[in-house]
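Asker: My questions concern the predicted model and sequence given below.
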Amino acid sequence: MYKLAPSLLAADFGIIKEQLAKLDEAKVPYLHLDIMDGVFVPNLSFGLAVVESIRKYTKMVFDVHLMIIEPERYVEQFAKAGTDIFCFHIEATKDAKATVDKIKKYGMKAAIAVKPATPISEIKDLLGELDMVLVMTVEPGFGGQKFMEDQMEKVKELVKLREENNYKYDIEVDGGVNPETIKTCFASGANVIVAGSAVLGAKDISARVEEFAQIAKEYNI
Ligand SMILES: O=C(CO)[C@H](O)[C@H](O)COP(=O)(O)O
Ligand SMILES: [Co+2]
């Protein structure tokens, strides 16, 4: 089922309450929160205090994308801050299985992200336990980058593996998604769409959300 997850990274933090209200008005289901530590990726964003504070203003599902090393250190804190989906990078942890178990123990949905150079074979053994897989369509670290079309092979591979093994995960794409590139995402089988600049940078947020929803319908997603 199609879910849009606008990335807070593209929001104007000076008017964050208004921005959240606009997304709520547009009936957006997920909010994508990019947490960066300046080590796993060459950028810093925001952390637990921001997640906790905005949790009071919206009921959107919090899809937290952790671009930090050893994400297992923060599972409990992100659960307490109001995270619904805890998504960590396979490249950032030594024990992905233990991390998934810990996420579930704290009542959150578990998701794993893969960087553009990481093959799906790296997470193959865990696919049966995941609620979502995130295929990065840019190098993680910054919003506003160009969509990497070649990553669609991984989306298709995930669709195939899900069918063959009766797995249940959603397939999320993140980076450079706009009204054009969203089409190839749907055609390949992605159903959770992260979009930062294309949604929060749009003149009319509701119109952009509606435009994406129409395209999803055309692709039966
Ligand atoms: O994880 C991310 C960057 O590492 C962001 O979620 C992503 O870049 C969204 O921004 P945009 O839609 O503008 O590309
Ligand atoms: Co992200």
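Answerer: Received, thanks. Ligands and ions are numbered 1, 2, ... in the order given.

Asker: alpha carbons only for contacts and neighbour counts from here, please
Answerer: OK.

Asker: For the closest residue to residue 197 other than its chain neighbours, give me its contacts.
Answerer: Leaving aside its chain neighbours, residue 197 sits nearest to residue 10 (5.5 Å; criterion: CA to CA, 6 or more residues apart in numbering). By CA atoms under 8 Å, 6 or more residues apart in numbering, the residues touching residue 10 are 143, 196-197, 200-201.

Asker: now these as CSV including distance to ligand 1 and pLDDT?
Answerer: CSV is the format used below for the contacts of residue 10 (distance: CA to the nearest ligand atom, whole Å; pLDDT from 0 to 100):
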residue, distance to ligand 1, pLDDT
143, 4, 97
196, 4, 98
197, 4, 97
200, 9, 97
201, 8, 96
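
Asker: ok, which residues in this structure are in contact with ligand 1?
Answerer: 7, 34, 140-145, 174-177, 195-197 (CA under 6 Å from any ligand atom).

Asker: Show the pLDDT at the residue lying farthest from the centre of the chain.
Answerer: Here the centre of the chain is the reference, and by CA atoms, centre = their mean the most remote residue is residue 164, at 24.2 Å. The per-residue pLDDT reported for residue 164 equals 98.

Asker: Residue 189 too?
Answerer: The model's pLDDT for residue 189 equals 98.

Asker: rewinding a little: so of the contacts of residue 10, which ones are in helices?
Answerer: 197, 200 (DSSP state H).

Asker: Closest one to residue 66 out of the contacts of residue 10, please.
Answerer: Nearest to residue 66 among the contacts of residue 10 is residue 143, at 14.4 Å by CA to CA.

Asker: Many thanks, have a good one.
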